[in-house]
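Asker: coordinates only, sequence not included:
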């Protein structure tokens with residue numbers, strides 16, 4: 001299941017750090033003379049600009065084991081700490097999963113037009129990338145396009161090409177489509193031996209509570225981020241859920257101090273104050289639904305989604321590119337997927353600014 005070179009890999013971490021040492025000793029080590037950090041830097045300018053607590057945290061390496069944050073996540077998610085790993089955001093976790101799970105030259109499967117950073121890292125890892133088309137069809141009412149990755153096609157391609165990894169964003173980026181747990185279980189079970197399902201769940205927090213799934217599965221890695229619902233994109237922090245065996249292998253090739261002390265503290269604070277996060281999610285979902293309804297009233301082909309954005313399909317890629325340029329000329333940036341398979345899609349963040357009358361005028365005129 002994991003890359004062959006990890007079978008002979010040495011210690012998981014050559015420098016576990018002070019916090020881990022103190023936990024193992026069961027006592028504090030007050031005199032830190034071995035890490036060569038700038039602990040005596042006064043940080044007058046930084047403290048004045050960003051506050052004394054940020055300056056204090058910035059002086060020292062973070063806890064390489066992220067013990068406090070994993071402990072909080074264990075309680076919140078019902079997942080054992082041994083099945084959790086912290087890294088510098090979902091992108092870093094994608095790269096970490098590829099390093100852990102794929103041999104040089106391995107075949108990986110993805111959807112043509114999905115989150116492009118997976119392909120970017122897979123290519124850099126020397127993987128052979130196979131893309132399968134999205135499913136695109138009208139919903140039963142015929143009012144909106146159903147644009148989604150195709151689990152059956154992903155599984156078929158994985159079997160045909162003897163892939164080591166299948167990538168699926170769920171909810172999807174850029175369509176916003178969500179696949180239910182039964183569909184994902186069927187996909188995982190259909191994969192060939194030695195193939196792992198990499199689920200990018202960056203938008204998982206925007207799902208209704210009843211739809212959220214934290215189960216640990218034997219051939220599945222779930223990636224989550226604090227960038228979206230928690231508003232910490234600038235601090236770069238996220239986590240993965242996987243079997244303890246797989247997590248242990250991921251630790252062997254993880255950059256152990258990639259997550260800063262500031263990011264760890266901020267994420268821990270927000271996990272401890274879920275009510276603020278939940279309030280933010282409710283506000284985002286409300287804005288998403290208002291924006292989607294507005295665009296539908298204007299004749300837009302809005303894709304049903306479960307994220308913090310609205311995706312809509314234009315007539316073709318040329319039309320979408322024209323609207324994208326017109327919006328940019330007005331100082332408005334929306335996202336147009338770079339892959340030609342989804343070049344007709346525009347993705348708009350569900351922020352209050354998108355609802356200002358006239359803000360999306362070039363798009364509204366094109367619908």
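Answerer: Alright, I've got the coordinates. Treat the numbers as computed from the prediction; the structure is a model and nothing was measured.

Asker: what's the burial count for the nearest residue to residue 324 once chain neighbours are set aside?
Answerer: With sequence-adjacent residues excluded and distances taken as Cβ to Cβ, 6 or more residues apart in numbering, residue 324 is closest to residue 336, at 4.6 Å. (C-beta placed from N, C-alpha, C; glycine too.) Residue 336 has 21 neighbours, counted by other Cβ atoms under 10 Å.

Asker: Over to residue 101?
Answerer: Neighbour tally, residue 101, other Cβ under 10 Å: 26.

Asker: From residue 122, how far off is it?
Answerer: For residue 101, the distance to residue 122 equals 11 Å [Cβ to Cβ, to the nearest Å].

Asker: residue contacts, the closest residue to residue 200 other than its chain neighbours?
Answerer: Nearest non-adjacent residue to residue 200, counting by Cβ to Cβ, 6+ apart: residue 169, 4.2 Å away. Contact partners of residue 169, counting by Cβ atoms under 8 Å, 6 or more residues apart in numbering, are 111, 114, 115, 149, 199, 200, 201, 202.

Asker: now the residue lying closest to residue 60 once chain neighbours are set aside: how far from residue 77?
Answerer: Nearest non-adjacent residue to residue 60, counting by Cβ to Cβ, 6+ apart: residue 37, 5.4 Å away. Using Cβ to Cβ, we find residue 37 at a distance of 32 Å from residue 77.

Asker: Settle it for me: which of these two has more neighbours?
Answerer: residue 77 (19 against 13).

Asker: My understanding was that that one contacts residue 224; is that so?
Answerer: No: using Cβ atoms under 8 Å as the test, residue 77 is too far from residue 224 to be in contact (9.1 Å).

Asker: what's the overlap in contacts for those two?
Answerer: residue 241.

Asker: Next, the buried residues of the helix or strand where residue 281 lies.
Answerer: Element membership for residue 281, per DSSP states H and E: helix 274-297. Neighbour counts over helix 274-297 (16 or more other Cβ atoms under 10 Å) mark 277, 280, 281, 284, 285, 287, 288, 291, 292, 294, 295, 296 as buried.

Asker: Show only the entries of the contacts of residue 169 found in strands.
Answerer: Among those, DSSP state E puts 111, 199, 200 in strands.

Asker: If any of those residues are buried, put those into a PyMOL selection.
Answerer: Command for PyMOL, covering only those of those found buried under the criterion 16+ other Cβ under 10 Å:
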select buried, resi 111+199+200
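
Asker: closest to residue 208 among the ones in strands among the contacts of residue 169?
Answerer: Nearest to residue 208 among the ones in strands among the contacts of residue 169: residue 199, at 17.9 Å, using Cβ to Cβ.

Asker: show me the contacts for the closest one.
Answerer: 168, 169, 170, 184, 220, 221, 222, 223.

Asker: want to throw those into a markdown table with distance to residue 209, secondary structure and pLDDT?
Answerer: Formatted as a markdown table, the contacts of residue 199 follow (distance: Cβ to Cβ, whole Å; DSSP: H, G, I helix; E, B strand; the rest coil; pLDDT from 0 to 100):
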| residue | distance to residue 209 | secondary structure | pLDDT |
| --- | --- | --- | --- |
| 168 | 22 | strand | 99 |
| 169 | 20 | strand | 99 |
| 170 | 16 | coil | 98 |
| 184 | 18 | helix | 98 |
| 220 | 21 | strand | 98 |
| 221 | 23 | strand | 99 |
| 222 | 17 | strand | 99 |
| 223 | 20 | strand | 99 |
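
Asker: and those, which are buried?
Answerer: 168, 169, 170, 184, 220, 221, 222, 223.
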